[in-house]
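Q: Sequence and predicted model, in that order:
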Amino acid sequence: MSTTESRLTTSEPADPAKTAADQAVKETLEDYTLRFAPRSYRRWSPMVVATTALGGIAYMADFSIGAGIGLAHGTGNALVAIAVAAVVIFVTGFPLAYYGARYNIDLDLITRGSGFGYYGSVLTSVIFASFTFIFFALEGSIMAQGLKIGLGLPLWLGYLVSTLMVIPLVIYGMKALSKLQVWTTPVWLILMVAPLVYLIANDPGTVDRFLSYAGTDGEGGVNTASVLLGAGVCLSLIAQIGEQIDYLRFMPPKTEQNKRSWWTAVVMAGPGWVVLGALKQAIGVFLAVYILAEVGPAAAPEPIQQFRSAFDAMMPSWMVVPLAVALVVISQIKINVTNAYSGSLAWTNSFTRVTGHYPGRMIFVLVNLAFALVLMEADMFSFLNSILGFYSNCAIAWVVTVATDIGVNKYVLKLSPLQPEFRRGMLHAVNPVGVVSFAAASGLSIAMYFHLLGDSLQPYSPVAAAVIAFVLTPLIAVVTKGRYYLRRADDGIAEPLLDADGNPSALTLDCHVCHQTYERPDLAACATHDAVVCSLCLSTDKVGDHVLPAATA
């Protein structure tokens, strides 16, 4: 099909999918919800994208997670657990970040073509959406603790305030979020780092007390069970790579001229987020040990208590609470606009694919916030480690499956298509490679976590999730010979999908359903017209009029 032949004419008859598509067009073109992010929209430099992505990891949960592990298992076990989890997160996050930045698609679109299929990846979209509201609730709880100390607000009201205040910020998508993250990051870094440097410089004994802390079990030393239990909690953050990719998909094309800054940005803001995350967890252990005698083990994991005590050692008392509250509020806003934004994308993706109806992303912003508010009002902070330990099994199974499909099935076995595919009609509904691997890995690891396979195996549940996913993903690809990846190899458009540099083509064509112009990777030929259809109109085509039939390569 030529470019000219695929253009829309004014005499095109009304289409049954047009009403649903028209509803979605205006909103999705702001930040390309559900779809490929075109070159014409990606005007930011690699470093601006990286700064925006890293701004989203300003969350305070790391301090609580590290503190909880350290207080329970001791500093030695906590630091080893944090390091083990960081290595796993970096290694699995790298291929995902590369694919998101190189091909300008989010983690859900990557997952579709990396072993799960068009409808199979709905499972993982729900997992990711759950990640966003769990961590929104965690950050909201931390902010409410700060508002209680700083302004005297009762916790229930603080939960409500922390939920409602992000709504205006998350409405406007990437343009607004990039400005928010870039301008607030320097302030956040100064408030976080300054008290730590001061404490170490003025009281070196704090380091000795930190390193010698043995934990509530009082055993001291490093042991495998404690390390794995701690690492399991830290690995609940493995799904954070999805939020990083929600920003990295707006990276500019990789060329010879920008390849150094491009790679630096991808590594730093992709898997590299975990370096700062691990440091924050270690700082959380340090601060919890520092304030333990003052506030007790129940309050020591609370970041507002940690930084209030730290600020108190270095400045006049009248500045302490305002600065501690400011740090907590800035951090909460920075991460929770990302949680609300990414969660709304995940819910919208799932709902639109299953129902063929696009209700609007703002509907799912509110849905995600409602889930988070319920968790906060249920005092999730008091059983934080239990929630995260359980959730990590699902998250590990998903991320390891997709990372293995990219790293092994695509590049080593060459059974999975090298170029990512996400369009309806091009993919099978379900691919057993990813779905079976994910289901087996998450199911068995959850059974282990809840002691169903014996008490001695319980600490090993995160290891089981990772190992089972890593082994089954290539095994099932070999058994099925890779035949469930692509439903058809030809999308019906003659022009190439990638340009000479291997970047998604910037060629534009018109969708004959919604009458909008899109770039080549976001389109496929129509089954019933001599024209092309965009990916969103294919998603909202309830009767399948435009979906290409199955075909062999």
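A: Yes, it's here. Residues are numbered from 1 along each chain as shown.
Q: contacting residues for residue 429?
A: Contact partners of residue 429, counting by C-beta atoms under 8 Å, 6 or more residues apart in numbering, are 117, 118, 119, 120. All C-beta spots, glycine's among them, are computed from the backbone N, C-alpha and C.
Q: Quick one: residues contacting the second one.
A: Residue 118 makes contacts with 112, 353, 422, 424, 427, 428, 429, as judged by C-beta under 8 Å, 6+ apart.
Q: and with 10 Å instead?
A: Shown in contact with residue 118 (C-beta atoms under 10 Å, 6 or more residues apart in numbering): 112, 353, 421-431, 487, 538-539.
Q: wait, which of those is closest to residue 399?
A: residue 112 (14.9 Å; C-beta to C-beta).
Q: where does the stretch 201-350 of the chain have low pLDDT?
A: 217-220 (pLDDT under 70).
Q: Where do the helices of it begin and end?
A: Secondary structure of the stretch 201-350 of the chain by DSSP state H, counting those that start in this stretch: the helices cover 205-212, 224-234, 240-248, 259-269, 273-295, 303-312, 317-355.
Q: What is the subsequent helix or strand relative to the helix or strand harbouring residue 62?
A: Element membership for residue 62 (DSSP states H and E) is helix 61-73. Stepping forward along the backbone from helix 61-73, the first helix or strand reached (DSSP H and E) is helix 75-103.
Q: quick revisit: just how off-centre is the helix holding residue 62 within its chain?
A: Taking C-alpha atoms, centre = their mean, to the nearest Å, one finds helix 61-73 lying 21 Å from the centre of the chain it belongs to.
Q: go on, stretch 148-168?
A: That offset, for stretch 148-168, works out to 25 Å (C-alpha atoms, centre = their mean).
Q: how about it: buried residues?
A: 148-150, 153, 155, 158-163, 165-166 (16 or more other C-beta atoms under 10 Å).
Q: Let me have the residues you listed in TSV, extended by pLDDT, secondary structure and distance to residue 289.
A: Listed next are the buried residues of stretch 148-168 as TSV, based on pLDDT from 0 to 100; DSSP: H, G, I helix; E, B strand; the rest coil; distance: C-beta to C-beta, whole Å:
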residue	pLDDT	secondary structure	distance to residue 289
148	89	helix	24
149	86	helix	21
150	84	helix	24
153	89	coil	29
155	90	helix	26
158	90	helix	27
159	90	helix	28
160	92	helix	33
161	90	helix	31
162	87	helix	27
163	89	helix	32
165	82	coil	32
166	81	coil	32
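Q: Turn these into a markdown table, including distance to residue 134.
A: Converted to a markdown table, these look like this (distance: C-beta to C-beta, whole Å):
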| residue | distance to residue 134 |
| --- | --- |
| 148 | 21 |
| 149 | 24 |
| 150 | 25 |
| 153 | 23 |
| 155 | 18 |
| 158 | 18 |
| 159 | 14 |
| 160 | 18 |
| 161 | 19 |
| 162 | 15 |
| 163 | 14 |
| 165 | 19 |
| 166 | 16 |
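Q: Spatially, which two of the residues you listed are the most separated?
A: Using C-beta to C-beta, the buried residues of stretch 148-168 span at most 20.7 Å, a distance reached by 149 and 166.
Q: where's the nearest residue to residue 244 once chain neighbours are set aside, which helix or strand?
A: Leaving aside its sequence neighbours, residue 244 sits nearest to residue 53 (C-beta to C-beta, 6 or more residues apart in numbering; 5.1 Å). Assessed by DSSP H and E, residue 53 sits inside helix 46-55.
Q: Quick one: residues contacting the residue nearest the centre of the chain.
A: Computing the C-alpha centroid of the chain and ranking residues by C-alpha atoms, centre = their mean puts residue 242 first, at 2.4 Å. The contact partners of residue 242, by C-beta under 10 Å, 6+ apart, come to 93, 96, 100, 106-108, 110-111, 124-125, 127-129, 131-132, 342-343, 345-346, 395, 398-399.
Q: again, only this time at 6 Å
A: Residue 242 sits next to 107, 128 when contact means C-beta atoms under 6 Å, 6 or more residues apart in numbering.
Q: Compute the distance between it and residue 491, please.
A: According to C-beta to C-beta, to the nearest Å, residue 242 and residue 491 sit 26 Å apart.
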